[in-house]
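*Asks:* return atomic coordinates for the entry below.
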Amino acid sequence: MTYKAYIDNIKAKTGKDPQYFQALAKAKGLTKHGELLAWLKSDCGLGHGHANAIILYIQNPELAQKKILADARQEKAKGKG
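*Replies:* Have a look, this model is predicted:
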């Protein structure tokens, strides 16, 4: 599964985008991987892989955006977009 697919699935399941989780984590003062993982799994109902996808966005949004764009380009090149 691509990073973009993880993010798309999270949006479909929760109705929330990565920026929502990023802002909420910041408001709660959560920054460490372990605390973010526990919070996303317990309070937000995400699975392990989906939680890790959001953690990447929270901790490194620039890299996350690059991965989303790269995945979108690959999908388009394969004729899926």
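
*Asks:* the helix or strand harbouring residue 66: which residues count as buried?
*Replies:* Using DSSP states H and E, residue 66 maps to helix 61-77. Buried residues in helix 61-77, counting neighbours by 16 or more other CB atoms under 10 Å, are found at 64, 67, 68, 71. From N, CA and C alone the C-beta is placed, and that goes for glycine too.

*Asks:* distance between it and the chain's centre?
*Replies:* How far helix 61-77 lies from its chain's middle: 13 Å, per CA atoms, centre = their mean, to the nearest Å.

*Asks:* likewise stretch 8-18?
*Replies:* In terms of CA atoms, centre = their mean, the centre of stretch 8-18 is found 8 Å from the chain centre.

*Asks:* and for the residue nearest to residue 37 when sequence neighbours are not counted, the neighbour number?
*Replies:* Distances taken as CB to CB, 6 or more residues apart in numbering place residue 51 nearest to residue 37, at 5.3 Å, with adjacent residues excluded. Here the number of neighbours of residue 51 (other CB atoms under 10 Å) works out to 22.
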